[in-house]
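Asks: just the structure for this:
(one chain, ligands or ions: 1)
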Amino acid sequence: MKNTLKTAISFTKNLLTVGAFKETKPATVKEMCSKIDSSKKTKIVEFGMGHGNMTREILNSISEDSELISFEINPEFCSYVEKNINDSRLHVVNDSALNFRKYVIDEVDNFIISIPFTFLKDEDAIELVKLCFDSLTENGYYSQVVYNPKTLLKAIGDRPFEKKVVKALIKEKIYHIKN
Ligand SMILES: C[S@@+](CC[C@H](N)C(=O)[O-])C[C@H]1O[C@@H](n2cnc3c(N)ncnc32)[C@H](O)[C@@H]1O
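Replies: As a prediction, the model looks like this:
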């Protein structure tokens, strides 16, 4: 079975936590990784790894001495990525993004986020965004793809952002917010 079909079936089976039928578009994945500085050692944190489409692009965008910590709540998705991506820079964490501070104590250069805020309580999403900005390096980037930006916009308040839109059945909206 083709990997994209396998992923679509897994996503559909877990729709209530995944929040999408299919992986995000390749153009969205590229845009999400566009703020990574590949010329220096960086620490990247990803929330919502799925089957690792964005994870692969992040690994292609970082230097050899950089580190990626990817959070995913679904243990089957974690096993899939561990089996299919063999890269010592990647650390998969099978836990919720809401608990990321248990695992990440140093500063983070980029947050790359594709978890659906729709399924989080507003106060949890807002607290998560606050903790991300507390952990970001100066000039670091918070990048998130959403279908509906309502909660994200509420969480970032008056911070300026860059927005890109990728055409899809439901438009994928990418927000970049610089610290
Ligand atoms: C829309 S999919 C995105 C998958 C992939 N990154 C992509 O862009 O196609 C969202 C992923 O986030 C995971 N997820 C949902 N809530 C989460 C949470 N609180 N913490 C970590 N992962 C979560 C889901 O299991 C799912 O794999």
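Asks: local confidence estimate at N74?
Replies: In this model, N74 is scored at 96, pLDDT.
Asks: how close does it get to G52?
Replies: 12 Å (Cβ to Cβ, to the nearest Å). For the C-beta atoms, the positions are set from N, CA and C on the backbone; glycine is no exception.
Asks: for V146, same thing?
Replies: Where G52 is concerned, V146 sits at a distance of 20 Å (Cβ to Cβ).
Asks: circling back to that earlier point, of N74 and G52, who's got more company?
Replies: G52 (25 against 19; other Cβ atoms under 10 Å).
Asks: can you list contacts of the helix or strand bottoming out on mean pLDDT in the chain?
Replies: Across the helices and strands of the chain, mean pLDDT, DSSP states H and E gives its lowest value to helix 15-18, namely a mean of 78. The contact list for helix 15-18, computed with Cβ atoms under 8 Å, 6 or more residues apart in numbering, reads F11, F21, G50, I73, N74, P116, F119.
Asks: so which bits of the longest strand along the chain are buried?
Replies: Counting by DSSP state E, the longest strand found in the chain is strand 136-146. Buried residues in strand 136-146, counted by 16 or more other Cβ atoms under 10 Å: L136, G140, Y141, Y142, S143, Q144, V145, V146.
Asks: and the residue positioned nearest the centre of the chain, what does it touch?
Replies: In the chain, the centroid-proximal residue (Cα atoms, centre = their mean) is I113; its distance is 2.5 Å. When contacts are counted by Cβ under 8 Å, 6+ apart, I113 is found next to E46, F47, G48, A97, C132, Y142, S143, Q144, V145.
Asks: need the contact list for the fifth one.
Replies: Just to be clear, that refers to C132. Per Cβ under 8 Å, 6+ apart, neighbours of C132: V45, V108, F111, I113, Y142.
Asks: could you export those as JSON lines, including secondary structure?
Replies: Below are the contacts of C132 laid out as JSON lines (DSSP: H, G, I helix; E, B strand; the rest coil):
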{"residue": "V45", "secondary structure": "strand"}
{"residue": "V108", "secondary structure": "strand"}
{"residue": "F111", "secondary structure": "strand"}
{"residue": "I113", "secondary structure": "strand"}
{"residue": "Y142", "secondary structure": "strand"}
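Asks: great, nothing more from me.
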